[in-house]
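Enquirer: sharing a model that was predicted from the sequence below.
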Amino acid sequence: MTNQQSAKRLVDPIQTLSDLPAITSEPRYSVRVTTLDRLSPTLLSLTFNRPDGFGFEAGQFVWLVLPKLTKVGGVIDRRMYAIASATDAIGVTVLVDLDDSSYASLLASMTVGAKVDLVGPVGSVYDISPSGAVLIVDGESIAPMLSNMRSKVVDELTIAIYNHKKLPGAIAEELNLFAGKHNYDLKYINNYPKRSDFKYLKNGDDRPVYVFGDRQFVDRAAEALIAGGVNVGRINSHENQIALVTNRRFEYLARRFIGGKRLDRTQTFPKVYDVFVQAAQHSPNLTVITDNNGYIIFANQAASGQTGYSDNEMYGQTTSLWGGLMPHDYYHGLIDQLRQGLPIKRTVINRRRDGSIYVAILNISAVFYRQQVVAYVSTEEDITNLWRNDKAKSEIVSVAAHQLRTPLSAINWFSETLIKGDFGSMTTDQANYLQQIYQADQHAVELIDSLMDVARLESGTDVINPEPTDLVELTNREINEQLVNAHQKQIDFQFL
């Protein structure tokens, strides 16, 4: 990495631990199935009651957690699904692909009223530009586009639906009505994207392109678009990352040299890469290697200990499995920085498998293959105890400052009363000593106020307001407060 690249690093919005958002638990909601519709033999539409306070943006995702599987070790209890409903809908709808897994079997056996947990919303947003866009959609991955379509109207839209025969009839009818109402260009294509499909994107058409589909579909669409002359910067997919041929080659090598090894014990080092594998495996910090699309191909022992997920549960998932809790503006610009291969260092709040949270310092670095970013190495240093101690310190300082201020205020009031002569006259020496007591008390009050200011600054609830100060008066006051100690030590103060 060059010095110029280093200078482009984004500033971490979390400069101190007190800047972290007030997240004490994962956003988990217990919901019930309100509508269940089998759209096709392999596609299920599930709608849940929308919990109070559950807000999302078009194109976001939720984790659908099945409590029955949570207690089963080694079995993934959740999957991430794109929200298909409009942002103002009274329910939360997801489209579920029914495969042969135990997870899908449980979903298929559900009835109206069944209870599940939603965690989210999480993930990047397919924020389609209102001025126009091109949508390239796999018929089996229509949900993120549906949320956008149902939530807002775009000025100029081209929608290309591939594998349209797999598109459920009800959704196809909705798409046709939507396109006809707004005069959108709707295309149905029953194969995978190829270069000749995108002739309409030439001749000055600079609209952003959004690809909706699984990894294989996204990769094929991206390669066809690029071969057809579309700049890769215009192409957007989930997490805004595109995997090309070199990425798949790297993933093959990684699975062969990393994924196929017994990493639960120390091995001999017949080849140099074994040294690095073992170094990562036995690192005390969470270490994860993902492909270009963010899918995990390696996780070390510390990753299991820190997140609560086993190797089998993490493999093939993204780090959103335990992340995604931070606000959207926290992630702003991160994707572009990752695509450029620039390193990232941030403080983040994540969650464990049991729903508890932890605070970590996150580092992400790119892995290059033939001058392309093909993978990422992510590490997390757990600083939860440091975060808790910092919060406890701030709370102690705040409470102590308030408690100390009460007796000092009483001393201040009684001193003022005596100085005014409300309880009779005093000798000159008595008046002088009382004045020093009053000034010392005032100074102590100012110190307490400063401690309270520090506590408020650390919590982000206070602002420094500079004001004019008489330095001569301030110096005289400080000297007078020290006169008793100075006389006892035979020190003579002179303010010139």
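Expert: Happy to help now that I have it.

Enquirer: just the pLDDT at the nearest residue to R79 once chain neighbours are set aside, thanks.
Expert: Excluding its sequence neighbours, the residue lying closest to R79 (Cβ to Cβ, 6 or more residues apart in numbering) is L64, at 5.8 Å. All C-beta atoms are positioned from the backbone trio N, CA, C, and that covers glycine. L64 is assigned 91 on the pLDDT scale.

Enquirer: which residues touch L64?
Expert: Residues in contact with L64 (Cβ atoms under 8 Å, 6 or more residues apart in numbering) are L46, R78, R79, M80, Y81, V94, V96, L107, V116, D117, L118.

Enquirer: does the fourth one count as helix, strand or coil?
Expert: Okay, so that is M80. strand (DSSP: H, G, I helix; E, B strand; the rest coil).

Enquirer: coming back round to it: dump the contacts of L64 to JSON lines, plus neighbour count and pLDDT.
Expert: Formatted as JSON lines, the contacts of L64 follow (neighbours: other Cβ atoms under 10 Å; pLDDT from 0 to 100):
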{"residue": "L46", "neighbour count": "23", "pLDDT": "92"}
{"residue": "R78", "neighbour count": "21", "pLDDT": "85"}
{"residue": "R79", "neighbour count": "20", "pLDDT": "86"}
{"residue": "M80", "neighbour count": "19", "pLDDT": "84"}
{"residue": "Y81", "neighbour count": "21", "pLDDT": "87"}
{"residue": "V94", "neighbour count": "22", "pLDDT": "92"}
{"residue": "V96", "neighbour count": "20", "pLDDT": "87"}
{"residue": "L107", "neighbour count": "22", "pLDDT": "87"}
{"residue": "V116", "neighbour count": "20", "pLDDT": "93"}
{"residue": "D117", "neighbour count": "20", "pLDDT": "93"}
{"residue": "L118", "neighbour count": "24", "pLDDT": "93"}
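
Enquirer: now, the most widely separated pair of those?
Expert: Maximum pairwise distance in the contacts of L64, criterion Cβ to Cβ, is 15.0 Å, between V96 and D117.

Enquirer: now do the phi/psi pair for V373.
Expert: phi -70, psi 120 (degrees, to the nearest 10).

Enquirer: can you start the count at 32 instead of 1 from here on
Expert: Shifting the count to begin at 32 puts that one at V404.

Enquirer: still on that earlier bit, what about the residue nearest to R110, which helix or strand?
Expert: strand 92-96 (DSSP states H and E).

Enquirer: for S136, same thing?
Expert: helix 133-139.

Enquirer: only the buried residues of that helix, if you could.
Expert: Buried residues in helix 133-139, defined by neighbour count with 16 or more other Cβ atoms under 10 Å: Y134, A135, L138.

Enquirer: how far off centre is that helix?
Expert: Mean C-alpha position of helix 133-139 versus that of the full chain (Cα atoms, centre = their mean, to the nearest Å) differs by 29 Å.

Enquirer: can you check stretch 458-471 too?
Expert: 58 Å.

Enquirer: render the CA-only coordinates of that stretch in PDB, please.
Expert: Once non-C-alpha atoms are left out, stretch 458-471 reads as follows in PDB (Å, rounded to 0.1, in the frame of the first residue of the first chain):
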ATOM      1  CA  THR A 458     -12.200  40.700  64.200                       C
ATOM      2  CA  THR A 459     -10.000  41.500  61.200                       C
ATOM      3  CA  ASP A 460      -8.100  38.200  61.400                       C
ATOM      4  CA  GLN A 461     -11.400  36.200  61.700                       C
ATOM      5  CA  ALA A 462     -12.800  38.000  58.600                       C
ATOM      6  CA  ASN A 463      -9.600  37.400  56.600                       C
ATOM      7  CA  TYR A 464      -9.600  33.600  57.500                       C
ATOM      8  CA  LEU A 465     -13.200  33.400  56.700                       C
ATOM      9  CA  GLN A 466     -12.700  35.100  53.400                       C
ATOM     10  CA  GLN A 467      -9.900  32.500  52.600                       C
ATOM     11  CA  ILE A 468     -12.300  29.700  53.600                       C
ATOM     12  CA  TYR A 469     -14.900  31.100  51.200                       C
ATOM     13  CA  GLN A 470     -12.500  31.500  48.300                       C
ATOM     14  CA  ALA A 471     -11.100  27.900  48.900                       C
END
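
Enquirer: now that stretch: buried residues?
Expert: So for stretch 458-471, counting by 16+ other Cβ under 10 Å, buried means L465, Q467, I468, Y469, Q470, A471.

Enquirer: sorry, back to before: what's the helix holding S136 in contact with?
Expert: 75, 77, 95, 97, 99-100, 106-108, 110, 127-129.

Enquirer: repeat that with 10 Å
Expert: 64, 67, 69, 73, 75, 77, 95, 97, 99-100, 103, 106-110, 125, 127-130, 132, 145, 147 (Cβ atoms under 10 Å, 6 or more residues apart in numbering).

Enquirer: quick one: buried residues of the strand holding L95?
Expert: F92, V93, W94, L95, V96.

Enquirer: which one of those residues sits closest to Y223?
Expert: F92 (24.3 Å).

Enquirer: the closest one against L126, yeah?
Expert: No. At 11.9 Å, F92 and L126 do not qualify as touching, with contact defined as Cβ atoms under 10 Å.

Enquirer: overlap in contacts, these two.
Expert: Y112, A113, I114, A174, P175.

Enquirer: would JSON lines of those residues with distance to F307 be doable?
Expert: Output for the shared contacts of F92 and L126, formatted as JSON lines (distance: Cβ to Cβ, whole Å):
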{"residue": "Y112", "distance to F307": "36"}
{"residue": "A113", "distance to F307": "36"}
{"residue": "I114", "distance to F307": "40"}
{"residue": "A174", "distance to F307": "39"}
{"residue": "P175", "distance to F307": "37"}
